[in-house]
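> Provide a 3D model corresponding to the input given below.
(one chain, ligands or ions: 1)
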Amino acid sequence: MPRDPVCGVNLTEKTAKYKITHDGETYYFCSVKCKKKFKRNRDKFTK
Ligand SMILES: [Zn+2]
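Numbers count the residues shown, from 1 in each chain. Coordinates of the predicted model:
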């Protein structure tokens, strides 16, 4: 099950509407807000 790396929420395929592929890995987000936050601070969330 994917997890939102920004807010730490566990997602399902239905709630993981937002995703980014970064360094060959796909990250899922609960909202566009979390997606934007991730984009601004990738290094913090990809470790
Ligand atoms: Zn989130």
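> Next secondary structure after the longest helix along the chain?
Ranked by number of residues, the top helix in the chain under DSSP state H is helix 32-40. As assigned by DSSP states H and E, the chain's next helix or strand after helix 32-40 is helix 42-45.
> So for that following helix, mean pLDDT?
Helix 42-45 carries an average pLDDT of 92.
> What residues does this structure have near the ion?
Within the chain, the positions near the ion by CB under 5 Å from the ion are 4, 6-7, 30, 34. Using the backbone N, CA and C atoms, a C-beta is placed for each residue, glycine as well.
> Now, of the residues you listed, which are buried?
Listed as buried from those are 4, 6, 30, 34; burial here means 16 or more other CB atoms under 10 Å.
> In helices, which of the residues you listed fall?
Judged by DSSP H, these include residue 34 as members of helices.
> which two in the buried ones among the residues of the chain next to the ion are spaced the farthest apart?
Distance extremes for those: the farthest pair is 6 and 30 at 8.2 Å, using CB to CB.
> TSV for the buried ones among the residues of the chain next to the ion, including pLDDT?
As requested, those are arranged in TSV below (pLDDT from 0 to 100):
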residue	pLDDT
4	95
6	96
30	95
34	96
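> mind listing which of the buried ones among the residues of the chain next to the ion are in strands?
Using DSSP state E, no member of those sits in strands.
> so residue 20 is in which element?
Element membership for residue 20, per DSSP H and E: strand 18-22.
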